[in-house]
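1. What follows is a predicted protein model with its sequence.
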Amino acid sequence: MASLRDIYTIDPDGSTYAVPQGFDVQFNWDYDDGRAAMMGLYRKGVEMQWNADTRIDWSQELDEDNPEELPEAMLPISGMAQYEAMSRAEKATVRRHFQGWQISQFMQGEQGALICAAKIVTQVPDMDSKFYASTQVIDEARHVESYKRLLEKFRVAYPMTAPLQELIDQVLRDSRWDMTYLGMQVVIEGLALAAFQQIRDHAQNPLAAAVNAYVMQDESRHVAFGRLALRDYYPHLTQAERDEREAFLLEACYLMRDRFDAVEVWRRLGLDPAKCAEHMYDSGFMHQFRSSLFTRIVPIVKDVGLWGPTIRKGYEEMGIIGYADADVAALQEADNDIAKEFDARRAYVASVAERARALESA
């Protein structure tokens, strides 16, 4: 199998990227039991660790024409005249590149989450938060590994897209520990959950669906971690400090709504990026994505106490304030239950195969 470096369609401009940091590393000599909810989340994080080698069946292959076996409506330029005029082979190339671009962003974003989780361990003052964040570090490493292995089967990879890099860069450069939580645990994890959910719930390819289901099971815990930490912290800030954080959230939501347009894919395939972006913006794919995205983010923002006039006015103008009443706890429970269903399905298939082998050898 070719190395990941060999399947990049665009040179990632070097093998490393540096983000200057300027924050204090916090030690804490108080090892007494922390907040019950946070320590419960830490115990759950420890107990729910999994091995990508054994939980996922990597022998499964992807379809040549439609790797994840997604409905045609899940391709955001489906219905565009230039796409519809293509041959079957050309359409298959577009699907493979767009899906590969998506998985590439998942992989790159999970590395961003890995680095942010490590930053939280070193920077956050509370020992119980350090404990939980340490479990998230290994979660994120496993996610990078899982998406890397999935991406190798596409034989197409893309570097981190500029809007995602801009968002992660902003989160990492901020020296305040709560901004790492807010940017990663609320905004970027919310973005990830919305994108993962589209594949988990619509892909007919069992490998692609399973990878996203298992990653989502972890990510729902990560969001709960951010909620607990920020809900305790934000009541103590001044209104001016909360206003600044609300302004960041608004900017991030506009960025996620308007700029994740896969311009690299369309340019690489010789399509007009402006026409693709125009078609993509109003596509059913994007409407569904935005609904999932803001269902994951807006109620969390309200829950952690960043619900002043600035954010409410901005969300009203964006038409997303109605998502504030979504039941996030129910979503997180569903993410956990769906992952268990994938485990049960795989166990059943394995048991059937085992019985068949036993009958053959009898």
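-> Ah, there it is.
2. which other residues reach stretch 169-183?
-> Applying Cβ atoms under 8 Å, 6 or more residues apart in numbering, the external contacts of stretch 169-183 come out as 19-23, 26, 112, 115-116, 119-120, 123-125, 167-168, 184, 187-188, 226, 229-230, 233-234, 245, 248-249, 252, 304. (C-beta placed from N, C-alpha, C; glycine too.)
3. Make a PyMOL selection of whichever of the residues you listed turn out to be buried.
-> Buried members of the contacts of stretch 169-183, identified by 16 or more other Cβ atoms under 10 Å, are gathered into one PyMOL selection as follows:
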select buried, resi 112+115+116+119+120+123+124+167+168+184+187+188+226+229+230+233+234+245+248+249+252+304
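4. how about stretch 151-159: buried residues?
-> If you call a residue buried by 16+ other Cβ under 10 Å, then stretch 151-159 has these buried ones: 151-154, 156-159.
5. From residue 248, how far out is residue 362?
-> To residue 248, residue 362 is 66 Å away according to Cβ to Cβ, to the nearest Å.
6. who's in contact with the residue nearest to residue 237 when sequence neighbours are not counted?
-> Distance criterion Cβ to Cβ, 6 or more residues apart in numbering; nearest residue to residue 237, sequence neighbours excluded, is residue 245 at 7.8 Å. Shown in contact with residue 245 (Cβ under 8 Å, 6+ apart): 178-179, 182, 234, 237, 306.
7. Which of the residues you listed has the largest number of neighbours?
-> Of all the contacts of residue 245, the highest neighbour tally under other Cβ atoms under 10 Å goes to residue 182, namely 27 neighbours.
8. can you pull the pLDDT of that residue?
-> Note for residue 182: predicted pLDDT of 95.
9. now residue 149
-> 97.
10. what about it, which helix or strand?
-> Taking DSSP states H and E as the definition, residue 149 sits inside helix 127-154.
11. got the buried residues for that helix?
-> Residues of helix 127-154 classed as buried: 127-137, 139-144, 146-154 (neighbour count, 16+ other Cβ under 10 Å).
12. quick revisit: want to throw the buried residues of stretch 151-159 into TSV with distance to residue 62?
-> What follows is those, written out as TSV (distance: Cβ to Cβ, whole Å):
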residue	distance to residue 62
151	10
152	10
153	5
154	7
156	11
157	14
158	16
159	21
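13. Now for those: which two are most distant?
-> 153 and 159 (18.8 Å; Cβ to Cβ).
14. And residue 174, how far from residue 123?
-> Plainly put, residue 174 is 11 Å away from residue 123 if you go by Cβ to Cβ.
15. just for the protein, where's the confidence low?
-> For the chain, the stretches flagged by pLDDT under 70 are 1-2.
16. ok so, going back, going on from the helix or strand where the residue nearest to residue 237 lies, what's the next piece of helix or strand?
-> Assigned by DSSP H and E, residue 245 belongs to helix 239-258. The helix or strand immediately downstream of helix 239-258 is helix 263-268, counting by DSSP H and E.
17. Please name the nearest non-neighbouring residue to residue 148.
-> Looking at residue 148 with Cβ to Cβ, 6+ apart, the closest residue is residue 107, at 5.6 Å.
18. OK, contacts around the one you found?
-> 144, 147-148, 151.
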